[in-house]
Each structure stands twice: as C-alpha cells, then as structure tokens.
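[1] Let me see the structure of the following:
(2 chains)
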There are 2 protein chains.
Amino acid sequence: MTNITASITDITVLTADQFLKNWQAHRGLSRRVLAAFPEKQLFEFSIGGMRTYSHLAGEMIGLASAGINGAATGKWETTPELDHFNDKVQLSTKAQFLEAWDEVTEQIDHLWPQISAERFNETEAAFGQYPNTIINTLIYLLDNEIHHRGQGYVYLRALGIEPPAFWDR
Amino acid sequence: MTNITASITDITVLTADQFLKNWQAHRGLSRRVLAAFPEKQLFEFSIGGMRTYSHLAGEMIGLASAGINGAATGKWETTPELDHFNDKVQLSTKAQFLEAWDEVTEQIDHLWPQISAERFNETEAAFGQYPNTIINTLIYLLDNEIHHRGQGYVYLRALGIEPPAFWDR
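    Numbering: from 1, shown residues only, chains lettered A, B, ... in the order given. Below you'll find the predicted structure:
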C-alpha cells in the first residue's frame, strides 16, 4: 500500500485552465445571487448579527481582485481600489456592485495567463498577511466565496426569494 | 497573447495529494460545525423553509461516501448504506451522524490511493446520474459541502451559537 500511496503524489488532478474555468463559473453564479437581492435588503438585511450581503459581496469582489493582482504581479491590491477586508466597502448601490463584479471578471481573464507555472507553488504572504502558496490562496478565496454565497442563499430564502440553482454554473 | 494563453493549458496547479489534503481539511471543519449544533436543533431548526442541518449533513456524508466509492471503484454507492440524496437519512442522533462522518473520513483515506492518474479525467455518470469527469465530480461535491456548511453557519448564528472559524482548517 505504501508504494501505491507514494506513486499518487504527483498526479495532476487540475490544470490552470480548469481552475480558471471553475472559478469563473462560480463567480457567474455568485453574480446571479447578488443580482437576486432586492436593493434595500442587500444593504440592510442580515440574520443572527451577521454582516449584510453587501458586505459579503464586497469581500468577494475585493478578495478576487486583490487575489488575481497578487497572484499575477505580487501586488495584493484591488483594482479599482476597494477595501478587500470588507468593512469599508465604498459601493452603495447594487448596480455599482454588479459593475465592480464585472470589472473583476475581466481582470481575472486578463491577468490569469500572466501567472507562470512556477508561480502557483511559490509561497507568499497573500494580501500582505497570510503566507501560503499562490494556488492555495486562490483556492482559499474561491472556497470563501462559496461559503458566503451559501449564506446568501439563506438570506434570500428568509426573504421569500428563490435563489439560483447551485448546480447551474 | 494567444501563445501565452495556450501555453498555460497544461500547467498543473493541483495534485491528487493536495486535493485530498484540502478535502479532508474541509471535512474536519464541517465535522466541527455539525458537532456545534444542539441535538434538538440539528433535527428541527431551519430558516425560510430550507432543510434542517441534519438533512444537509446527511447529504454531505452520503455524497462523500458515494463519491469516493464511485471514484475508486465505479460503484456510486455509500458505505454504510445511506441515502445520498438526503431525503431519507436514517441517522437519528448527532452521535450517529458523527460516527458515520468518521467512517467516511477513513473510507476516503483508504480508497484515495486506489484512484489511478487516468481515472481522474475519465467521464462517468456520477451517482448514476451526472456525466462528468471524476475530478470535476469530486470538486463538485466538495463545493457542495462548503455551500451547505455556510448555510449551517447562518443556522448556528441564528441560534446564538458561535460557529468554528472558517479559516481554521
């Protein structure tokens, strides 16, 4: 058994293209969840003392932008400038959120091919704070988006709104 | 630009070992979320007409077990026998859920090395229903777990219970 375990070590299960495709498909679903919120509730509704969905979506936008910029250039900054730690999001309408969302979608497609093969396994302090490999940081921020989007599903259900289907990506 | 895009196609960003490690780390967090529910609310509490967390956790256990069995053997069956489509979960106490959870954790570690390199990219009807590559099916069920666990966070918050930290895996 030891040999079998050892031999699996270097099996490729995911390529850069596949990761990008999965990431952008998730972001497409997240955008539809954002769009499903009524304007008022996006900024005011929450459950159990949690953050509003505007804050959660602001975090998604900021982390994705800082994440792709950091992965491609080493500068963990957002474009346009956003607070990627979500407590000072400057966007104040749903339309602005959707516009920022689409801008980051383009950033990702534009910057992705600039990440070298070696870069994915380099260790760096992501967002200036969290030492990890680039690929693990990217996985982390995608997982974080899925996590908060799942919370958005509960908010929508509590508001009597049918969310987009999870499997439809 | 076309050349750069094309050259990234085959970059490995994730190996089988890394996927397994990430999957099991997520499952460890999901187990702590499950354990954080009070016995009664696990089976009775929900928001907005959604399923109780016992149903969501039952789905996680069933899909993980059927997923690893299917990936390794081609038989999309659960061990022990569970309804992996969650509406007829036979477990009736939190202790039983945690026990089944741990059993599946061992199954995954045991069966994972039996998946060949070629197998990850084979297309098969996962769970007898959804044609996809094995790796995409595994990614899907992990994402599904993160999604529903995020919903569990809202349930816990609504119950006044502090959930385990998302980043602590």
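
[2] Low-confidence ranges, chain A, go.
    Within chain A, the stretches with pLDDT under 70 are A:1-9, A:80-89.

[3] Let's see that with 80 instead.
    A:1-10, A:79-90, A:169 (pLDDT under 80).

[4] for it, what's the longest helix?
    helix A:134-158 (DSSP state H).

[5] so does that one get close to chain B?
    Yes: Helix A:134-158 reaches chain B (Cβ under 8 Å from any Cβ of the partner chain) through A:135-136, A:139-140, A:143-144, A:146-151, A:153-158. Placement of C-beta: from N, CA and C, glycine included.

[6] ok, of those, which come out buried?
    The neighbour-count test (16 or more other Cβ atoms under 10 Å in any protein chain shown) marks A:135-136, A:139-140, A:143-144, A:146-151, A:153-158 as buried among the residues of helix A:134-158 next to chain B.

[7] Identify each buried residue in stretch A:105-120, please.
    Those would be A:T105, A:Q107, A:I108, A:L111, A:W112, A:P113, A:I115, A:R119, A:F120, for stretch A:105-120 by 16+ other Cβ under 10 Å.

[8] Report the entries of those that also contact chain B.
    Near chain B, by the rule Cβ under 8 Å from any Cβ, you find A:W112, A:P113, A:I115, A:F120 out of those.

[9] could the residues you listed go into JSON lines alongside secondary structure?
    Output for those, formatted as JSON lines (DSSP: H, G, I helix; E, B strand; the rest coil):
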{"residue": "A:W112", "secondary structure": "helix"}
{"residue": "A:P113", "secondary structure": "helix"}
{"residue": "A:I115", "secondary structure": "coil"}
{"residue": "A:F120", "secondary structure": "helix"}
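
[10] can you tell me which two in the residues you listed are farthest apart?
    A:P113 and A:F120 (12.9 Å; Cβ to Cβ).

[11] beta partners for A:T12?
    B:T15 (DSSP bridges).

[12] and it, how far is that from B:D17?
    11 Å (Cβ to Cβ, to the nearest Å).

[13] ok, now A:A126?
    21 Å.

[14] So for the two, which residue has more residues nearby?
    A:A126 (22 against 17; other Cβ atoms under 10 Å in any protein chain shown).

[15] What's the local residue count around the nearest residue to the more buried one once chain neighbours are set aside?
    If the residues on either side of it in the chain are set aside, A:A126 comes closest to A:T137, at 4.0 Å by Cβ to Cβ, 6 or more residues apart in numbering or on different chains. Neighbour count of A:T137, defined by other Cβ under 10 Å: 24.

[16] Next up, the contacts around A:T137.
    A:G67, A:G70, A:A71, A:E124, A:A126, A:Y130 (Cβ atoms under 8 Å, 6 or more residues apart in numbering or on different chains).

[17] name the element the first one belongs to?
    The reference is to A:G67. helix A:53-73 (DSSP states H and E).

[18] how big is the angle separating that helix from helix A:134-158?
    Relative orientation of helix A:53-73 versus helix A:134-158 (axes from the mean of the first three to the mean of the last three Cα atoms, to 10 degrees): 160 degrees.
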